[in-house]
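Visitor: Quick one, structure for this:
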Amino acid sequence: MIKVIAVDDEPVAHDIIRTHAEKIPFISLDATFLSATDALVYIKNERVDLVFLDIAMPDLSGIEFATMINAEIQVIFTTAYPEYALKGFELAATDYLLKPINFTRFLKACQLAEKRLQVHEGKKRNKEQALFVKDGHDWVQIKFNNLVYAKAEDNYVDLHETGKHTLTRITLTELQSKLPADQFLRIHKSFIISRQKIERIEKHQVTVAGNKIPLSKFYRDQLLQDLGSEV
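Guide: Numbering: from 1, shown residues only. Got it, this is the predicted structure:
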C-alpha cells in the first residue's frame, strides 16, 4: 500500500484527488493539506511514500516544498500551469498532472509511482541480503554490497570482497542463480562482477573497484545493453 498525502491550497483539488484515490486499491490517501508548512510537519512524523503537490501556493511553493523533503518520497505535481513542467522534471518528479485531472491520467501516474516504489524496495532488500557459503568446515556470510567479483577456479569459486576473499565449492552458474540479477553481471565464463562497482569498460576488460577483469565477446553486448551504454 502506497502512503499518500495531497498538498494544495484549493479544497476542490483535495476532493478530486480523494475521489480518484478511492478507486485505486494500492494507494491510501492518509491526509490532505491546504498549507505546505503543515504538510512538512506531518512528513517529519509520519511515513509518506508519495505527495500530490500543487506548485502555485502562497508562502511556500510546491517547487520549494519538493526540495525540502526526503528524496525517497515521490512527488507528482498537480497544477494548472504547464510552464512549470520542465522544472518539475528537473526535480525528478514521478509525474506531472495538469488540472483538471481526469481519472485515467491519475491512474497512470499512480501506477508509475507503484513501479518506482517496487524497484526502490527491491534494491533496498537486495542491499540488506547476504549469501552464506561454506569455507572448509565453516559457513561464511558474503554481503552483496561488499562483493566485488567472483572468479571460477575449477570446481570452486573465489569470492572477492573488499579486503578479503573466500574460496567455496560451488559452480559459477550456481552462484549466479543465488545473486540478485540487478546487482551482478556475468561478463566471462569465469567471472561475475558487481554492477555497482564498475569503473571502466574497455573492449576486452572491465575495471571493477580497481581490479581488471577480462570481458569476453560473448557477454560484451549483453553487458552494454544491461547498462544502457554504448562503447
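Visitor: What does Ala109 show for phi and psi?
Guide: phi -60, psi -40 (degrees, to the nearest 10).
Visitor: How much space separates it from Pro180?
Guide: 28 Å (C-beta to C-beta, to the nearest Å). Using the backbone N, CA and C atoms, a C-beta is placed for each residue, glycine as well.
Visitor: out of those two, which sits in the more crowded spot?
Guide: Ala109 (23 against 15; other C-beta atoms under 10 Å).
Visitor: what residues are up against that one?
Guide: 76, 94-95, 97 (C-beta atoms under 8 Å, 6 or more residues apart in numbering).
Visitor: which ones among those are found in strands?
Guide: Using DSSP state E, the subset of the contacts of Ala109 located in strands is 76, 95, 97.
Visitor: Now flag whichever of those is closest to Gly62.
Guide: The nearest member of the ones in strands among the contacts of Ala109 to Gly62, counting by C-beta to C-beta, is Ile76 at 10.4 Å.
Visitor: Helix or strand: which one has Arg116?
Guide: helix 103-128 (DSSP states H and E).
Visitor: could you give the mean pLDDT of that helix?
Guide: Helix 103-128 shows a mean pLDDT of 82.
Visitor: Residues contacting the very next helix or strand once past it, please?
Guide: Downstream of helix 103-128, the next assigned helix or strand under DSSP H and E is strand 130-135. With contact meaning C-beta under 8 Å, 6+ apart, strand 130-135 is reached by 139-144, 159, 166-170, 178-179.
Visitor: out of the residues you listed, who has the most neighbours?
Guide: Leu159 (24 neighbours).
Visitor: Name the nearest residue to it, ignoring sequence neighbours.
Guide: Nearest non-adjacent residue to Leu159, counting by C-beta to C-beta, 6 or more residues apart in numbering: Thr166, 4.7 Å away.
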